[in-house]
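Engineer: here is a sequence together with a model predicted from it:
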Amino acid sequence: MDRLGKLLISATTAALIATLYSCGGGGGSQVADGGIGGTGVSMGRVTGFGSIFVNGIEFETDNASFTVNDVNGAQSDIAIGMVVRINGSSDQTTATGSADSVEYDSLIEGLIQNNDTASNNTLTIMDQVITIDADTVYENPFDATLLADLPVDSEVEVSGFTDGNGTILATRIEVKSLAWAGDELEVSGVVSAITGNQFRIGSLTIDASNALPIPPEGTFVEVEGNSFSGTIFEADSIKIEGDSNSVVADDGEEVEIEGQITAALDASDRFTLNGQVVDASSTPLSGATSQLTVGRVAEVEGVMNGDVLLAEEIKLQATASERGEIGGILGIGNVNISAGTVTLLGRTIRVDNSTIMESDRDDESTFTLSQLISSDYLEAKVYPDSNGTLVASKLELDLPPNDHNATVEGTPEFVDGSTIRIFGVTVDTSSVDDYSFDTQRIEVKGNFVDGVLIADSIKRDD
C-alpha cells in the first residue's frame with residue numbers, strides 16, 4: 001500500500017463529546033455512520049491535542065509510532081494544521097480511537113516567489129500555487145511578520161492537500177527562514193512533461209541529471225535538492241510516493257478521509273478526492289454533479305473495494321461564500337463546556353472535535369475551552385449548519401486589538417438605513433460616512449456596546 005497521507009486534509013464534521021473539551025481539541029457535532037469501526041485508516045489535519053484530534057476523533061497515542069518527514073519522531077513534532085495519516089482503530093459512537101502509527105510528510109519546503117495573499121489569498125512557492133483559506137494555520141517562530149508580508153525567498157513548509165499538478169490548498173504554513181541559506185528544499189507532486197533529463201511538477205521544471213532515472217509520468221514523487229540553475233530546480237533525490245491511482249488503503253479496509261475534489265462526479269457516479277477514486281452511488285449525493293465539483297472540500301467515509309473507495313457517507317464543507325468570522329472579547333459566562341459552545345457578540349457558536357483550536361499567543365500553539373477566561377479575545381471562523389446553527393471551523397485565541405474590540409465578516413442583511421446584520425450580529429453603520437449597503441461580503445470593525453456592533457470601519461472583503 002502506498003503511503004499518501006500527504007495528499008489529504010480534514011474538513012469540519014464529527015461527534016460532540018463534551019468531556020473531551022478539557023483534555024484537548026474542541027468538541028464535536030455530526031456523527032458519521034461509517035468510519036473506522038475496527039482497524040483502518042484516517043487521514044486529515046490535526047485540530048487539537050489531548051492525545052491527537054483528527055477527523056473529529058481523539059486518538060490515543062501512548063503506544064503509537066510517529067514518522068515526521070520520513071524520520072522517526074514524537075507527538076511533540078506534530079502541530080495544529082498538519083495533515084497526518086493514522087493507522088489504527090476508532091469508535092464513532094464515543095469519538096475516540098487508538099493510533100498504531102501517525103505519519104506526517106510536508107508537501108513543500110520551498111521558497112516564496114510571489115506573495116499575493118493580501119489580494120488573492122495565494123502564494124507561489126517553487127512554481128506551485130498555494131491557496132490560503134480561513135482555516136489555514138500560520139506559524140512564524142522568528143518574528144511578527146504576517147503571512148501577507150513574508151518577503152520573496154522566505155523559506156516555508158506547507159502542509160495541506162494537492163491535485164499533484166501544482167495547486168495546493170494549505171492547511172498549515174510554517175516559516176523556516178526569512179532568507180534561504182542554501183539548505184535542502186523539497187517539492188511533491190505528479191511527474192509530467194519528461195524531456196531528456198528534465199520533467200515538471202506543476203509549472204516547476206526539475207533537472208534530474210543527478211537523480212536518474214525519472215519515474216514515469218503520472219507518478220507522485222517527492223523531490224529534494226538545494227540548488228537552481230536559473231529557474232530550474234536541480235534534484236539530488238527523487239522518491240516515489242505513489243502512482244497515478246493514489247490508492248490510500250488496502251482492499252476491505254475502512255477509511256475516513258477529508259480532501260479536495262480533484263475530478264468531478266462523472267456519469268458512473270465516481271469522483272476523485274486528491275486522486276483517490278470514490279464511488280458515490282450508495283450515498284444521498286449520488287448524481288449530485290452540481291455539488292461534487294472540482295475544488296470542493298469533502299469528508300468521505302467508506303470501505304476500499306480494490307482501488308475504489310465505496311463511500312458510505314459524504315459530507316461537503318461549507319463554501320467560501322457561506323463562511324465568515326465573528327470576533328470579540330469573550331466576556332463572563334460565555335463558555336459552556338458541557339454544551340460545547342462559546343458566545344461572541346451575542347451569538348452562540350458550536351465548537352466540536354473538528355474545530356481548529358489555534359493560539360496566536362507567543363507561548364502557546366493551541367488551547368482548550370476550559371482554559372479560556374473572560375478577557376480573552378477570540379476570532380471564530382464560522383458557517384451555518386443545515387439547522388442554521390453557527391459552527392466554528394476554527395477558533396483563534398489572540399491579544400485584543402488596540403483600536404477595536406469586535407469584528408464581523410460576511411454578507412450583510414439590510415435592516416434599515418443605518419443598520420445591517422451579519423450572521424445575526426446587529427451592526428450600526430451610522431458612524432461610517434462612506435458606506436452604502438450592498439450585497440457583497442464585508443468586514444466590519446468597531447466596538448460592541450449593549451448588544452450592537454458600532455462600526456468604525458467597513459471594507460469589502462473581496
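Structural biologist: Looks like it arrived, so ask away.
Engineer: domain assignment for this protein?
Structural biologist: The chain breaks down into these domains under automatic domain parsing: 108-242, 406-460.
Engineer: among those domains, show the one with the smallest mean pLDDT.
Structural biologist: Of all the domains of the chain, domain 406-460 carries the lowest average pLDDT, namely a mean of 89.
Engineer: burial of the nearest residue to residue 190 once chain neighbours are set aside, as a residue count?
Structural biologist: Once flanking residues are discounted, residue 190 sits nearest to residue 164: 3.7 Å by Cβ to Cβ, 6 or more residues apart in numbering. To be clear about C-beta, it is placed using only N, CA and C from the backbone, and glycine gets the same treatment. For residue 164, the neighbour count with other Cβ atoms under 10 Å is 27.
Engineer: ranges for the strands of the stretch 101-250 of the chain?
Structural biologist: Per DSSP state E, counting those that start in this stretch, the stretch 101-250 of the chain carries strands over the ranges 108-116, 122-125, 128-131, 137-139, 155-162, 167-177, 185-190, 192-195, 198-201, 204-207, 220-225, 227-229, 232-234, 237-242.
Engineer: which of the domains of the chain sits closest to residue 277?
Structural biologist: domain 108-242 (13.1 Å; Cβ to Cβ).
Engineer: quick one: residue 131 and residue 166 touch, right?
Structural biologist: No - in this structure, residue 131 is not within contact of residue 166 by Cβ atoms under 8 Å, at 11.4 Å.
Engineer: which of those two has more neighbours?
Structural biologist: Neighbour count, other Cβ under 10 Å: between residue 131 and residue 166, residue 166 has more, with 21 against 17.
Engineer: identify the residues contacting the spatially closest residue to that one that is not a sequence neighbour.
Structural biologist: The shortest distance from residue 166 to any non-neighbouring residue, by Cβ to Cβ, 6+ apart, is to residue 202 (1.9 Å). Residues near residue 202 by Cβ atoms under 8 Å, 6 or more residues apart in numbering: 127, 128, 129, 165, 166, 167, 189.
Engineer: contacts only, for the fourth one.
Structural biologist: Shown here is residue 165, whose contacts under the criterion Cβ under 8 Å, 6+ apart are 189, 190, 192, 201, 202.
Engineer: please apply the same query to residue 413.
Structural biologist: Per Cβ under 8 Å, 6+ apart, neighbours of residue 413: 420, 421, 422.
Engineer: which of these are buried, as a ChimeraX select command?
Structural biologist: Here is the ChimeraX selection string for the buried members of the contacts of residue 413, based on 16 or more other Cβ atoms under 10 Å:
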select :420,422
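Engineer: picking up where we left off before, among the domains of the chain, which comes closest to residue 312?
Structural biologist: domain 108-242 (21.1 Å).
Engineer: distance of the residue most central in space within the chain from residue 226?
Structural biologist: In the chain, the centroid-proximal residue (Cα atoms, centre = their mean) is residue 171; its distance is 3.5 Å. The gap separating residue 171 from residue 226 is 26 Å, by Cβ to Cβ, to the nearest Å.
Engineer: what does residue 305 give?
Structural biologist: Counting by Cβ to Cβ, the gap from residue 305 to residue 226 is 43 Å.
Engineer: of the two, who's got more company?
Structural biologist: Counted by other Cβ under 10 Å, residue 305 and residue 226 do not tie: residue 226 has more neighbours, with 14 against 11.
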